[in-house]
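Asks: build me a model from this:
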Amino acid sequence: MTATPPLSLAGRTQRWKFGDGPTAGKTYEHTFSPDGTVKWREVGGTSTGKPSAEQQPATKYAAFEVAPGLHFVSYLSESGNTLTVLVNTNNRQLHGFASSAKEWYPLTGTLESSG
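Replies: Okay, here's the model as predicted:
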């Protein structure tokens with residue numbers, strides 16, 4: 001039996017802007033659903049042939065609130081890339097890691113908006 005993952009960000013939409021790594025300077029909107037799936041899209045970017053948030057397959061996520069305002073979030077995309085981020089809603093900072101089977105990047109960024 002598989003346990004239901006923690007979903008501390010369920011029902012929220014957040015925009016994350018990354019300062020480094022492969023997505024440096026880009027902002028992504030993440031919508032965390034109560035059913036345990038997340039959809040994301042680049043904000044203001046040009047299309048690169050990737051599916052829009054509406055076309056993406058359901059991607060499972062987990063989000064733990066490890067302390068008041070600190071959410072530890074992780075998901076594995078269908079492309080095989082993993083994103084793991086500590087979102088600090090108190091000071092609006094992001095710290096995390098993006099990885100694939102062959103690459104690994106430490107990341108920092110900012111929480112641009114949260115709903």
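Asks: mind checking the longest strand of this structure?
Replies: strand 104-114 (DSSP state E).
Asks: what strands line up against that strand, and which way round?
Replies: When pairing is defined by DSSP bridges, strand 104-114 lines up against strand 13-18 (antiparallel), strand 93-99 (antiparallel).
Asks: element containing the residue nearest the centre of the chain, please.
Replies: Closest residue to the average C-alpha location of the chain: His30 at 5.8 Å, with CA atoms, centre = their mean. Element membership for His30, per DSSP states H and E: strand 27-32.
Asks: against which helices or strands is the next helix or strand after that strand packed?
Replies: Downstream of strand 27-32, the next assigned helix or strand under DSSP H and E is strand 37-42. For strand 37-42, the elements it packs on are strand 27-32, strand 59-67, judged by 3 or more CB pairs under 8 Å, 6 or more residues apart in numbering; DSSP states H and E. (C-beta placed from N, C-alpha, C; glycine too.)
Asks: nothing else from me, thank you.
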